[in-house]
Each structure stands twice: as C-alpha cells, then as structure tokens.
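got a structure for you, letters missing:
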C-alpha cells in the first residue's frame with residue numbers, strides 16, 4: 001500500500017497536465033522587442049494570421065503619419081501620427097489631436113467575414129476634468145465607416161464631468177431588426193433580451209489621463225442562432241476585470257439576409273462629441289489575430305489568474321514545441337521577475353519566470369520525462 005501511495009503522489013507531482021501547454025525554456029535577451037525563442041510543448045498550431053502594430057509603432061518615424069498601411073484606411077478626418085509624447089510600451093505610440101476635427105478613425109479590414117478573432121489594444125484619452133460628452137472609441141462592424149448600423153458591436157463612453165461615476169460604457173450588440181430583417185434598422189439585443197450593457201463604476205470604465213487595455217474575444221454564430229460569443233476584459237489601475245464573459249450573441253457570420261452583411265471591419269472610431277469639445281488620444285500595442293485565441297503574454301505573477309498586469313506578445317514563428325516572439329516588456333523594469341504564459345481558450349500554462357534585462361538561455365527540468373520505471377521502492 002505504501003508503494004502505491006508513493007507512486008500516486010509522484011504521478012500527481014510529475015505528470016504534465018494534458019489540459020495546458022508547458023513552457024520549458026527560453027533563448028534570447030529579455031529586453032523590449034528582442035527576439036525570444038520559447039521552447040516547450042502543447043503550443044498547438046497557429047498560422048500567424050495576425051496584424052501586430054507593437055513593433056510597427058516602435059519603429060515608426062516620429063511625427064509622420066501611420067497610414068498608408070495595407071488593410072488600414074481612414075475617412076477624411078484627423079490623422080494618427082507616430083509620437084513620443086506618451087507611450088505605454090517602449091518610447092512611442094500613435095497620437096491624434098482632436099482639438100480641431102472631432103474624429104480620428106482607424107479602420108482595419110479583416111478581409112472576409114469574421115469567424116473567431118482576438119483583439120487587444122492600449123488606449124489613453126486626455127480631456128478637461130470638468131468636460132462632459134461622448135467618446136465613441138471602437139466598434140466591430142460590417143462596414144468600414146463609423147456610423148451606427150447593423151450588425152455591429154460598439155464601445156461607447158460618456159464622460160460625466162466631476163460626478164462620482166464619470167463614465168458610462170455601452171458594450172452592446174446590434175443586428176438587423178428581426179421584425180424587418182431586410183431593413184437598415186439598428187436594434188440592440190443580447191441573449192437575455194437586454195438592449196444594452198451599461199458599466200458605470202469607476203473600476204469598470206477607463207478614466208481620462210490613464211493607459212488602459214481592452215481584450216476582445218469574438219466568435220460569430222450561425223444563422224439566427226445564439227451560438228456565438230463575446231468576451232471583453234479591461235486592464236486598468238493594476239486590475240484586470242472581465243466585463244462580458246462569453247455572452248451568447250447573434251453574430252451573422254455569412255450573408256444570411258437580403259442585405260448580405262458580414263462582420264468584417266474593426267474601427268477605432270475615436271469620435272468626440274455631444275458636448276466633448278477637445279481631446280487627445282493615444283493608441284499602443286494594437287494586436288489582431290484571426291481564427292484562434294492562442295497567444296503568449298507576459299505577466300507579473302506566476303499564476304495567470306493572479307496577474308494584475310499582462311502584456312500581449314508578438315509572434316513571428318510558431319510550432320507545437322517552439323514559438324518565436326518579439327518580446328514586449330510593457331512597463332516592466334530591469335531586474336524584475338516576470339512570467340511568460342501560453343494562453344488558449346481561457347486555459348493558461350504555468351508561468352515561466354524570466355528576469356527583465358537578462359541575456360542568454362534558461363531551461364527548466366521537464367518533470368514529465370521522469371521514468372517511474374527506473375525508481376526502486378524499498
């Protein structure tokens with residue numbers, strides 16, 4: 001019995017969990033935008049159908065326009081330029097001054113109907129503390145212009161000046177009116193019948209003059225069904241909060257009506273209005289990935305769920321046992337210990353410790369390779 005108990009304990013300690021991947025080593029410098037090779041197993045496949053602006057922004061020429069760039073466009077509005085006036089990662093970000101024009105849109109064409117997509121970005125808006133009005137920050141839509149339509153998912157913010165609850169955030173799902181499916185009527189609807197989701201606590205909404213991060217995981221549904229889902233997380237003030245948790249939504253993934261509309265465009269609309277007379281906006285760490293949520297992140301805790309800060313990583317090569325990234329150290333400082341994670345569909349690997357500013361290769365013992373047959377019990 002004693003031998004059996006020892007064997008069970010060793011199996012529990014040493015066998016690699018089959019539900020999560022494993023990071024076993026890294027090779028390269030732990031510095032911002034350095035190439036880092038991550039070794040391990042269970043990373044799966046990823047065809048790198050991504051659009052990452054992390055390196056693009058950092059390598060841009062200060063003061064020049066971000067556009068033109070393939071798949072990106074804008075209306076005849078204010079330009080985003082590469083700027084060192086504010087940044088989250090590295091030294092630069094994209095910047096737009098809305099003191100004259102009231103919109104600075106960036107519109108990304110996904111190329112075809114969205115099936116599954118993962119989106120992450122950092123943003124900052126500066127306004128006067130007493131200002132009231134609306135900031136239309138972002139929307140996912142069937143069209144390349146930022147006008148209210150269907151189907152779409154918009155992210156809107158209302159500033160309330162010095163009131164205790166400064167902002168109200170609408171994350172709602174619009175689609176064609178079920179009573180008139182061929183009309184252009186915008187109709188908000190969730191699986192529970194609510195017309196919108198409103199978030200008005202300061203912990204849930206971004207405030208002005210601070211950097212925050214949004215993550216969106218969207219899977220479109222079949223025809224007239226609620227088998228799609230949306231998950232939305234916000235990172236701000238050293239907290240990570242899930243605003244929408246796998247909410248079932250009716251997302252048309254193919255041309256299911258006479259209008260033939262398909263969710264296709266990601267629009268950082270950046271409209272200020274309804275009383276908001278001035279604003280400065282910065283964007284950083286924009287990352288878009290099609291078809292999978294599989295990704296690497298750098299966090300400040302060995303437990304993914306316990307991290308209060310996490311930074312998305314930029315992959316450049318991918319295999320089941322080895323992935324190459326351009327390391328994004330975010331706001332991490334030299335000599336600090338941070339942790340790499342592989343994450344897919346909500347399941348994260350154990351954190352792999354790295355020291356920011358260090359060089360060379362590190363590996364950990366792969367306990368799953370220990371052969372119990374070589375162990376003799378007395």
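Received the coordinates, thanks. Since this is a predicted model, take the numbers as computed values, not measurements.

where in the stretch 201-350 of the chain is pLDDT low?
201-203, 222-226, 247-261 (pLDDT under 70).

How are the helices of it distributed by residue range?
Using DSSP state H, counting those that start in this stretch, no helices are assigned anywhere in the stretch 201-350 of the chain.

which residues in it form strands?
212-219, 228-236, 239-249, 265-268, 271-273, 280-290, 295-299, 310-312, 314-319, 322-326, 337-344, 347-348 (DSSP state E, counting those that start in this stretch).

And for the stretch 51-200 of the chain?
Using DSSP E, counting those that start in this stretch, strands in the stretch 51-200 of the chain cover 72-73, 81-83, 93-97, 106-109, 116-126, 132-141, 152-160, 167-171, 174-176, 186-188, 198-199.

Centroid-nearest residue for this protein?
In the chain, the residue lying closest to the centroid (Cα atoms, centre = their mean) is residue 120, at 2.0 Å.

residue contacts, the spatially closest residue to residue 104 that is not a sequence neighbour?
Sequence neighbours aside, residue 96 is the residue nearest to residue 104 in space, at 3.5 Å (criterion: Cβ to Cβ, 6 or more residues apart in numbering). Every residue, glycine included, has its C-beta placed from N, CA and C. Contacts for residue 96 (Cβ atoms under 8 Å, 6 or more residues apart in numbering) come out as 78-81, 104, 270, 280-282.

can you redo those as JSON lines with neighbour count and distance to residue 216?
Shown next, in JSON lines, are the contacts of residue 96 (neighbours: other Cβ atoms under 10 Å; distance: Cβ to Cβ, whole Å):
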{"residue": "78", "neighbour count": "19", "distance to residue 216": "24"}
{"residue": "79", "neighbour count": "16", "distance to residue 216": "25"}
{"residue": "80", "neighbour count": "24", "distance to residue 216": "20"}
{"residue": "81", "neighbour count": "21", "distance to residue 216": "25"}
{"residue": "104", "neighbour count": "26", "distance to residue 216": "20"}
{"residue": "270", "neighbour count": "26", "distance to residue 216": "17"}
{"residue": "280", "neighbour count": "20", "distance to residue 216": "24"}
{"residue": "281", "neighbour count": "24", "distance to residue 216": "18"}
{"residue": "282", "neighbour count": "21", "distance to residue 216": "19"}
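
right, and residue 290 touches residue 117 too?
Yes - the pair residue 290 / residue 117 is scored as a contact, 5.7 Å apart, by Cβ atoms under 8 Å.

rewinding a little: for residue 359, see how far away the residue nearest to residue 104 is.
37 Å (Cβ to Cβ, to the nearest Å).

who's in contact with residue 41?
With Cβ under 8 Å, 6+ apart, residue 41 has these contacts: 16, 21-22, 24, 320-321.

Neighbour-wise, give me the winner out of those.
Ranked by neighbour count under the definition other Cβ atoms under 10 Å, those are headed by residue 21 with 23 neighbours.

re the thing from before, closest to residue 306 out of the strands of the stretch 51-200 of the chain?
Closest to residue 306 of those is strand 116-126 (Cβ to Cβ; 19.5 Å).

What is that closest one packed up against?
Strand 116-126 is packed against strand 132-141, strand 212-219, strand 280-290, with contacts defined by 3 or more Cβ pairs under 8 Å, 6 or more residues apart in numbering; DSSP states H and E.

got those as a markdown table, with distance to residue 265 columns?
Shown next, in a markdown table, are the helices and strands packed on strand 116-126 (distance: least, Cβ to Cβ, whole Å):
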| stretch | distance to residue 265 |
| --- | --- |
| strand 132-141 | 5 |
| strand 212-219 | 13 |
| strand 280-290 | 11 |
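
quick one, which of those is nearest to residue 110?
Here strand 280-290 is closest among the helices and strands packed on strand 116-126 (Cβ to Cβ), at 6.8 Å.

If we go by neighbour counts, what in the closest one is buried?
The neighbour-count check on strand 280-290 (16 or more other Cβ atoms under 10 Å) flags 280-290 as buried.

Stretch 29-38 now?
Buried-residue list, stretch 29-38, by 16+ other Cβ under 10 Å: 30, 32-33, 36, 38.

quick revisit: of the strands of the stretch 201-350 of the chain, which approaches residue 66 most closely?
strand 280-290 (9.0 Å).

how far off strand 212-219 does the closest one point, in degrees?
If you take axes from the mean of the first three to the mean of the last three Cα atoms, to 10 degrees, strand 280-290 sits at 30 degrees to strand 212-219.

and strand 280-290, how far out from the chain's middle?
Distance of strand 280-290 from the chain centroid (Cα atoms, centre = their mean, to the nearest Å) equals 9 Å.

Adjacent strands (with direction) for that strand?
Strand 280-290 pairs in its sheet with strand 50-52 (antiparallel), strand 93-97 (antiparallel), strand 116-126 (antiparallel), by DSSP bridges.

Ranking the ones you listed by mean neighbour count, which comes first?
strand 93-97 (a mean of 24; mean count of other Cβ atoms under 10 Å).

now that one, how far from the chain's geometric center?
Relative to its chain's centre, strand 93-97 lies at 19 Å (Cα atoms, centre = their mean).

With stretch 151-159 instead?
On the basis of Cα atoms, centre = their mean, stretch 151-159 sits 17 Å off its chain's mean C-alpha point.

Same check on stretch 73-83?
On the basis of Cα atoms, centre = their mean, stretch 73-83 sits 22 Å off its chain's mean C-alpha point.

Please apply the same query to stretch 315-334.
15 Å.

on that earlier part again, which of the strands of the stretch 201-350 of the chain sits closest to residue 61?
strand 280-290 (16.3 Å).

Model confidence for residue 369, exactly?
For residue 369, the model assigns a pLDDT of 38.

Break the protein into its domains for me.
With domains defined by automatic domain parsing, the chain comprises 21-46+294-357, 50-290.

can those domains go into a markdown table with extra columns for distance to residue 363?
Below are the domains of the chain laid out as a markdown table (distance: least, Cβ to Cβ, whole Å):
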| stretch | distance to residue 363 |
| --- | --- |
| domain 21-46+294-357 | 4 |
| domain 50-290 | 26 |
